[in-house]
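>>> pasting the structure only:
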Ligand code: CTP
């Protein structure tokens with residue numbers, strides 16, 4: 001026990017702990033919230049552990065709290081305190097894990113130590129309440145101080161119980177900047193294939209957290225043999241060097257560097273992760289020995305779509321990631337190119353595309369970065385100007401519409417669309433032409449009318 005350390009527990013958790021105590025039970029906050037509090041990071045939820053059985057909790061809290069039987073079989077109920085949810089779980093020992101996923105059954109116990117001993121890492125196996133102080137049977141506090149991820153007991157046993165813990169080890173080391181204990185490294189090398197027993201949704205959430213916190217750790221996912229089970233498409237990028245003056249890194253390193261450079265939004269992180277994944281399949285080398293990757297955007301879109309669907313990302317995320325990948329290499333040097341993109345993908349996407357381009361450029365040869373940066377700054381100023389001066393960049397901004405064209409004698413149907421798009425092209429080049437009379441003259445005078453009649 002360590003009574004010297006104080007943790008600020010939210011009122012809701014305090015109330016629950018006190019009610020349990022007044023009914024003769026022990027209760028503690030436990031796990032991630034204790035770890036994060038000790039690291040002065042903001043805990044995102046507060047889990048409570050107690051020796052009170054679930055049915056007794058339901059009875060005790062009936063009068064004071066809304067109770068939700070979240071996982072009665074595993075001893076967990078959720079209590080709502082002024083609308084804030086707290087998960088309260090009975091001290092338990094996990095039974096057999098025949099599938100490296102979840103215990104076949106759990107056994108409730110009256111021992112806090114036993115409950116803490118079934119947890120994954122020492123830093124996640126510390127309990128606390130205001131009266132007793134810290135309860136840390138497995139040296140979690142010291143590991144926090146030493147910045148070390150270490151399993152409670154034997155790493156292999158913990159990973160055999162739940163194979164997701166292998167990803168969690170790398171994820172925590174990414175989030176917290178901690179080293180992994182050598183026993184974890186050995187166990188990962190031995191057991192990484194078991195990750196195939198874990199659902200893609202659980203893997204996806206850990207993968208996202210790694211991308212958000214430290215993308216370099218993706219290399220560890222790969223070197224420990226984990227990544228190949230859910231994104232085997234990445235492996236070939238690690239061996240693809242880019243013999244090209246614009247690049248200094250092999251494809252994989254460039255990709256991970258670009259992930260790091262982009263702001264913390266899932267769509268942007270995923271876009272960077274996949275933007276060049278198709279490069280290895282597009283590699284050609286010219287007679288000067290310079291590598292090229294023509295059409296890699298398209299190839300990357302195909303691979304990204306396959307992987308993102310397989311990993312069950314939501315459709316909105318997939319759609320936007322694919323769009324940004326498709327256009328990541330498009331030139332934005334001229335106003336017309338920018339307007340065309342504004343028309344194709346809209347302002348919000350185009351502004352995100354600029355973020356993608358910055359992250360991409362920063363991960364290339366730094367010699368060229370100032371030029372690329374200037375291009376992007378200019379493109380941003382162009383977008384501002386086009387929007388501010390309400391310049392025409394879509395069909396609906398044209399001063400002539402389909403009805404007008406019909407009145408000029410063009411047959412209704414797809415011809416109308418063709419002519420309107422031809423007019424838009426002309427207006428993108430010369431905004432002065434966006435005037436009803438001038439557009440009518442063009443239609444009548446250039447032969448557009450006779451072609452499409
Ligand atoms: N736990 C475990 N094995 C797992 C998942 C969780 O032993 N595979 C235990 C750990 O004690 C963990 C606690 O359950 O601290 C709560 O799990 P969870 O909410 O998933 O993680 P946190 O540690 O709270 O961290 P985060 O919320 O950042 O994922």
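The structure has been received and is ready for your questions. What you see is a predicted model; the values in this text were computed from it and never measured.

>>> ok, how many other residues are close to the spatially closest residue to residue 235 that is not a sequence neighbour?
Once flanking residues are discounted, residue 235 sits nearest to residue 228: 5.9 Å by CB to CB, 6 or more residues apart in numbering. (Glycine included, C-beta is placed from N, CA and C.) The tally of other residues near residue 228 (other CB atoms under 10 Å) stands at 17.

>>> please report how far the residue of the chain found nearest the ligand lies from residue 47.
Using CB to the nearest ligand atom, the single residue of the chain nearest to the ligand is residue 32, 2.2 Å away. Noted for residue 32: a distance of 7 Å to residue 47, by CB to CB, to the nearest Å.

>>> low-confidence ranges, this structure, go.
The model of the chain has pLDDT under 70 over residues 1, 3, 446-453.

>>> near the ligand, which residues of it show up?
For the chain, the contact set with the ligand under CB under 6 Å from any ligand atom comprises 31, 32, 47, 119, 120, 124, 125, 162, 164, 165, 168.

>>> okay if I get those residues as CSV plus neighbour count, secondary structure and distance to residue 11?
Formatted as CSV, these follow (neighbours: other CB atoms under 10 Å; DSSP: H, G, I helix; E, B strand; the rest coil; distance: CB to CB, whole Å):
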residue, neighbour count, secondary structure, distance to residue 11
31, 25, coil, 19
32, 17, helix, 19
47, 19, strand, 16
119, 23, coil, 26
120, 22, coil, 29
124, 21, helix, 24
125, 27, coil, 25
162, 21, coil, 33
164, 23, helix, 32
165, 26, helix, 32
168, 20, helix, 30
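
>>> can you pull out the strands in the chain?
For the chain, applying DSSP state E gives strands covering 27-30, 47-50, 66-71, 76-81, 84-90, 92-94, 106-108, 127-129, 133-135, 148-149, 179-180, 284-285, 291-292.

>>> quick one: buried residues of the third one?
Which is strand 66-71. 67, 70 (16 or more other CB atoms under 10 Å).

>>> which residues are contacting that strand?
Residues from elsewhere that reach strand 66-71 (CB atoms under 8 Å, 6 or more residues apart in numbering): 54, 57, 58, 61, 76, 77, 78, 79, 80, 85, 87.

>>> residues touching the fifth one, list them.
For residue 76, the set of contacting residues under the criterion of CB under 8 Å, 6+ apart consists of 54, 70, 87, 88, 89, 90.

>>> how about the second one?
Contacts were defined as CB under 8 Å, 6+ apart; by that measure residue 57 touches 20, 50, 67, 77, 79, 88, 90.

>>> swap in the fourth one?
Applying CB under 8 Å, 6+ apart, we find residue 61 in contact with 16, 19, 67, 77, 79.

>>> neighbouring contacts of the top helix by length along the chain?
Longest helix in the chain by number of residues (criterion: DSSP state H): helix 369-388. If you take CB under 8 Å, 6+ apart as the criterion, helix 369-388 is touched by 332-333, 335, 338-339, 342, 347, 350-351, 354, 357-358, 361-362, 364, 391, 393.

>>> and the helices in the stretch 151-300 of the chain, which stretches?
155-161, 164-176, 182-191, 200-213, 217-223, 235-238, 251-261, 266-274, 279-282, 296-310 (DSSP state H, counting those that start in this stretch).

>>> distance to residue 132 for those helices - can I get that in CSV?
Conversion of the helices of the stretch 151-300 of the chain to CSV gives the following (distance: least, CB to CB, whole Å):
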stretch, distance to residue 132
helix 155-161, 26
helix 164-176, 25
helix 182-191, 30
helix 200-213, 31
helix 217-223, 36
helix 235-238, 49
helix 251-261, 42
helix 266-274, 40
helix 279-282, 56
helix 296-310, 47
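
>>> closest to residue 316 out of the ones you listed?
helix 266-274 (8.8 Å; CB to CB).

>>> now the angle from the closest one to helix 251-261?
Here helix 266-274 points in a direction 160 degrees away from that of helix 251-261 (axes from the mean of the first three to the mean of the last three CA atoms, to 10 degrees).

>>> helix 266-274: which residues count as buried?
Applying 16+ other CB under 10 Å to helix 266-274 flags 267, 268, 269, 270, 271, 272, 273, 274 as buried.

>>> from these, pick the one nearest residue 326.
residue 271 (10.1 Å).

>>> could you measure from that closest one over to residue 427?
In terms of CB to CB, residue 271 sits 31 Å off from residue 427.

>>> residue 360 now?
31 Å.

>>> these two - which one has more neighbours?
Shown here are residue 360 and residue 427; by other CB under 10 Å, residue 427 has more neighbours (26 against 22).

>>> hmm, the more buried one is touching residue 398, no?
Yes. Contact criterion CB atoms under 8 Å: residue 427 and residue 398 qualify, at 6.6 Å.

>>> outline the domain layout of this protein.
11-146, 153-230, 245-391, 395-452 (automatic domain parsing).

>>> the ones you listed: which one's closest to residue 236?
Set against residue 236 and scored by CB to CB, these come closest in domain 245-391, at 4.5 Å.

>>> start and end of the closest one, how far apart?
End-to-end span of domain 245-391 (CA to CA, to the nearest Å): 37 Å.

>>> same question for stretch 270-284.
26 Å.

>>> could you export the contacts of residue 57 as a markdown table, including distance to residue 235?
Formatted as a markdown table, the contacts of residue 57 follow (distance: CB to CB, whole Å):
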| residue | distance to residue 235 |
| --- | --- |
| 20 | 50 |
| 50 | 46 |
| 67 | 48 |
| 77 | 44 |
| 79 | 46 |
| 88 | 43 |
| 90 | 44 |
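
>>> can I get the buried ones among those as something I can paste into PyMOL?
Per 16+ other CB under 10 Å, the buried members of these correspond to this PyMOL selection:
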select buried, resi 20+50+67+77+79+88+90
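
>>> okay, residue 12 and residue 87: tell me how far apart.
12 Å.

>>> likewise residue 239?
The spacing between residue 239 and residue 87, counted by CB to CB, is 45 Å.

>>> between those two, who's got more neighbours?
Taking other CB under 10 Å, residue 239 and residue 87 do not tie; residue 87 has more neighbours (17 against 10).

>>> can you name the residues that contact that one?
Applying CB under 8 Å, 6+ apart, the residues contacting residue 87 are 45, 47, 48, 70, 76, 77, 78.

>>> swap in 6 Å and give it another go.
Residues near residue 87 by CB atoms under 6 Å, 6 or more residues apart in numbering: 47, 76, 78.

>>> number of residues surrounding the nearest residue to residue 345 once chain neighbours are set aside?
The shortest distance from residue 345 to any non-neighbouring residue, by CB to CB, 6+ apart, is to residue 323 (6.0 Å). Neighbours of residue 323 under the rule other CB under 10 Å: 19.

>>> cool, residue 275 as well?
Count around residue 275 with other CB under 10 Å applied: 29.
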